[in-house]
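Participant: what follows is a predicted structure for the sequence shown.
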Amino acid sequence: MHYLCRPCNRSFASRTGLSLHYSRSHSHPKPKTTHSTFRFHPRLNARPCNIYGDFLPAGSPPSVSEEALPDDWTPFNDRPSFEFAELMFKKVQMSGGNFDSLLQIWTAHNIINNGGQPIFESTEDMYATIDSIQHGDAPWETFTVRYGGPLTPDSPSWKRAEYHVHCRNTRTVAHNMLANKDFHNHFDYVPFQEYTAPDTTQFSNVMSGQWAYTQATRIASDPQTHGSMLVPVILGADKTTVSVATGQNDFHPVYMSLANPHNSVRRAHRDALLPVAFLSIPKANREEDDTAEFRTFRKQLYHASLAKIMMPLKPAMTIPEVARCPDGHFWRVIYELGPFIANYPEQVILAGIVQGWCPKCRATPEQLDKAGKPRSHAHTNFVNARFDDDTVWTAWGIDLNVQPFTVHFPRADIHELITPDLLHQLIKGTFKDHLVSWVEQYLQTVHSKAEAQRHMDDIDRRIAAVPAFPGLRRFPEGRNFKQWTGNDSKALMKVYLPAIEGHVPNDMVRCFAAYLDFCYLARRSSHDTQTLTAMQEALDRFHQFRVIFEQEELFGSPNGICSSITESKHIRAVKEPWRRSSKNNPLLQILRTNQRMLIGSVVADALGIVPEDLDNESFLSQAIQDEEDEVGDVDGDPSEVSYDVQVSKKPGKLDLPEFPELIQRFLYDQLYATDNISSADVHISECPTFSSRIAVYRSASSTFYAPSELSGGGGMHREMIRSNPFWRNEYARFDTVLISTDPSCAGMCGIAVVRVVGIFAFTYDDVHYPCALVEWFELESKQPDAVTGLWQRVVTLIHLDSIVRAVHLIGVYHATLIPTDFHFSYTLDVFDAFYVNKYADYHSHECIY
């Protein structure tokens, strides 16, 4: 049997020869580059100007920023003082008491050793210094809202109460975001249409969507806007709970972003998404809480507050104003209310509709499997002028007592701006509430109670038996837990499909596969005709989701405007500041903490202090709590680094009798092999002798371009790869990885799966060789499994020195019952066949097919 190298069209007598030839000649492939043609908007074409708004000649350099003073650390004494405050307050988040104790110990040490004073005298001294920062400040303000109807002495308490809304000046926040130099090279100045092939349009960031281009055309009907830059404002609101045991535990933050920074920047939380308000949450007595009048007041208060918060931006929605942008130039900018990120309960309030109806179309609750005619402010006004409130409520699901805040702003229609909610509507609701429950109901219907429980217990054991994988949450007890979160659902989705095979009919498994394919396609960082066609094919198999995801082309990929972004922002903006508070009137303390966090970031950006990514050694040596911590984002240019694997600095041991011969043959292939002769064709005596030191490692990191994952602004993602016989001193862990064997072939035909049983490096003739000892998993079929859509492999042994990234394998269970004492670390050793899990993460789904 001969092995063909497709890029060279050369054959080899052994897989070893092909593998080493490929490693030597074609390793570390670059991601496929797409040659796109762009059509930029011809009128709102973002021409740079001076500070007075006068357009500059083409090619003019940016004006020098007076704020860029790299040696001025005011109000801090020097750079170490600023960095110390940033470390203590923002990174370590040390409590005030502990910080004072640290300063006291520091002072005592200096007295004993005749040293100087600490950087700060006390916690209050540090806080006062931070609070005195003036650069780029967007302080919190408070306004009060009251019930505006008639009042009597018997009016309920909620009518007589004052409601305080805390907010930042949204215009100031917008200017600070626009001037953030960290967004440079990840920022769109002009709406555009991208074509990757004839009649093939690609949608990625918001400015590539149809909505931005259409709005720019509407704005450009006014000639005075020509040459301006469109700045759509993205909003998100989501009530959150920080504690169920103490006092006030609900907060209602509003977040703001701009559509110009790329989705990857917004998802990386590089201050591209910030809290701009905390809405008031009105309370009423129990007997009044569920009255129609109080419910209406809460909605009216919500919209009145949003309108007030966004009002500073309104003048520049018709007449452009001048603002500095990440490239250092001034531009004439014109704002536009853009996509609004919200879950369904919030969408109901935003759209002013009746619960159960669609916020975007007029389909009745019984017809949501098909899209209805679109909602609009104009249609609401039309029916309001012709029908009574009850008829409008019943026939169109509109609550005429609620006037959306968008009616106060030019060109804005909330029904158009509400975005699809991947997290709540597709993942939390459908997967957990419907599909998982569907499996349980099926088993309880066709089996006795005891037999159904036996099947569900085995499904749990299968889930628990899944091997470890970087970034993958473990479920030691299966899916049998009470409190489900969005992260639980997203993690369980990755391993659920093989677990139910054999317990439910094949068509039910295929339905799950269609659902998963749709979810993963929807989360891609960009969409074109091909991916939209694939989504339509998945919808045809699982047509239930048609209405939710027909808005792909409007705002680009929903991956950058999903409610998971605002939910994860709750941690930094609400939950961590709440934990640091005294819990007594915590909201004001939360605002103060957010203010200090923001101004520290703005100062660091202005002074040219770029946030440092965790370097490879630190990333590999950090304390890992579980597999979810083994992935991270990293800045980098994908054109410079596509797949980069580096070893850790922690040594280990490798006990393998044939290892010396493998080293010799490896050196022969590196130094002397030709395309016709490899080390497999010669006697060991003809191979170089080697007796030097070998460094053995327990882990490595792989860095690659994966914008759909947790990634830096350039879309670069990093994950750990383990090869440890005593992981956590408990069990052996040898991760599985992908290698590229033929970049000319798509999907599984051009990649292979191996298990890393050793990571090591050595030097020979002053050349450093990082290597991996691996077991190969042979492809069992040219096609994926007909039921699950996954791939199966069996085991052989071979040596390799080129790794692309980690890959996840799950045993093929079929009808096999998992023993109750089975440990997941046994899986890769005891199963004869495996599924290559394309649902392990979004990047896997893109490259495994």
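Facilitator: That came in fine, so what should we check first?

Participant: what stretches of the stretch 1-150 of the chain score poorly on pLDDT?
Facilitator: For the stretch 1-150 of the chain, the stretches with pLDDT under 70 are 1-34, 65-72, 133-137.

Participant: what do you get for the stretch 501-650 of the chain?
Facilitator: Within the stretch 501-650 of the chain, the segments meeting pLDDT under 70 span 543-572, 578, 582-584, 594-650.

Participant: could you pull out the helices for the stretch 51-200 of the chain?
Facilitator: Secondary structure of the stretch 51-200 of the chain by DSSP state H, counting those that start in this stretch: the helices cover 79-86, 96-112, 123-131, 157-160, 170-178.

Participant: in the first one, what's buried?
Facilitator: Spelled out, it's helix 79-86. Of the residues in helix 79-86, 81, 82, 84, 85, 86 count as buried by neighbour count, 16 or more other Cβ atoms under 10 Å. For glycine as for every other residue, the C-beta is placed from the backbone atoms N, C-alpha and C.

Participant: as a markdown table, those residues with distance to residue 179 would be great.
Facilitator: As requested, the buried residues of helix 79-86 are exported to a markdown table (distance: Cβ to Cβ, whole Å):
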| residue | distance to residue 179 |
| --- | --- |
| 81 | 24 |
| 82 | 19 |
| 84 | 26 |
| 85 | 22 |
| 86 | 20 |
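
Participant: which residues of the stretch 251-400 of the chain fall in strands?
Facilitator: Shown for the stretch 251-400 of the chain, the strands assigned by DSSP state E, counting those that start in this stretch span residues 253-258, 273-278, 321-324, 330-341.

Participant: now mean pLDDT, mean neighbour count and distance to residue 153 too, for the ones you listed, in CSV please.
Facilitator: Listed next are these as CSV, based on pLDDT from 0 to 100; neighbours: other Cβ atoms under 10 Å; distance: least, Cβ to Cβ, whole Å:
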stretch, mean pLDDT, mean neighbour count, distance to residue 153
strand 253-258, 92, 24, 35
strand 273-278, 90, 25, 32
strand 321-324, 95, 19, 49
strand 330-341, 94, 25, 40
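
Participant: between those, which gets nearest to residue 522?
Facilitator: Taking Cβ to Cβ as the measure, the strands of the stretch 251-400 of the chain were each checked against residue 522, and strand 330-341 came out nearest at 14.8 Å.

Participant: report all helices and strands that that closest one contacts.
Facilitator: In this structure, strand 330-341 packs against strand 48-49, helix 210-219, strand 229-237, strand 321-324, helix 414-417, helix 563-570, with contacts taken as 3 or more Cβ pairs under 8 Å, 6 or more residues apart in numbering; DSSP states H and E.

Participant: swap the cut-off to 7 Å and go again
Facilitator: Packed against strand 330-341 by the contact rule (3 or more Cβ pairs under 7 Å, 6 or more residues apart in numbering; DSSP states H and E) you find strand 48-49, strand 229-237, strand 321-324, helix 414-417, helix 563-570.

Participant: most packed of the ones you listed?
Facilitator: Per-stretch averages of neighbours, counted by mean count of other Cβ atoms under 10 Å, single out strand 229-237 among the helices and strands packed on strand 330-341, with a mean of 25.

Participant: quick one: mean pLDDT for that strand?
Facilitator: For strand 229-237, the per-residue pLDDT values average out at 94.

Participant: packing partners of it?
Facilitator: Applying 3+ Cβ pairs under 7 Å, 6+ apart, one finds that strand 229-237 contacts helix 210-219, strand 253-258, strand 330-341.

Participant: coming back round to it: mind putting the helices of the stretch 51-200 of the chain into a markdown table with distance to residue 308?
Facilitator: Converted to a markdown table, the helices of the stretch 51-200 of the chain look like this (distance: least, Cβ to Cβ, whole Å):
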| stretch | distance to residue 308 |
| --- | --- |
| helix 79-86 | 33 |
| helix 96-112 | 34 |
| helix 123-131 | 26 |
| helix 157-160 | 19 |
| helix 170-178 | 10 |
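
Participant: which residues in the stretch 351-500 of the chain form helices?
Facilitator: Across the stretch 351-500 of the chain, reading from the start of the chain, the helices by DSSP H, counting those that start in this stretch fall at 377-384, 389-396, 414-417, 437-446, 449-464, 486-500.

Participant: among those helices, which is nearest residue 172?
Facilitator: Counting by Cβ to Cβ, residue 172 lies closest to helix 414-417 out of these; the figure is 22.7 Å.

Participant: show me how far the closest one is from its chain's centre.
Facilitator: 24 Å (Cα atoms, centre = their mean, to the nearest Å).

Participant: could you give me the average pLDDT of it?
Facilitator: Averaged across helix 414-417, the pLDDT comes to 93.

Participant: what lies in contact with it?
Facilitator: Residues lying outside helix 414-417 but in contact with it, judged by Cβ atoms under 7 Å, 6 or more residues apart in numbering, are 337-340, 350-351, 359-360, 374-376, 404, 406.

Participant: okay, that helix in CSV with CA atoms only?
Facilitator: Output for helix 414-417, consisting of C-alpha atoms alone and laid out as CSV, is shown next (Å, rounded to 0.1, in the frame of the first residue of the first chain):
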residue,chain,number,x,y,z
ILE,A,414,-37.3,49.0,18.0
HIS,A,415,-38.9,46.1,16.1
GLU,A,416,-36.1,46.3,13.5
LEU,A,417,-33.3,46.7,16.1
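
Participant: many thanks, we can stop here.
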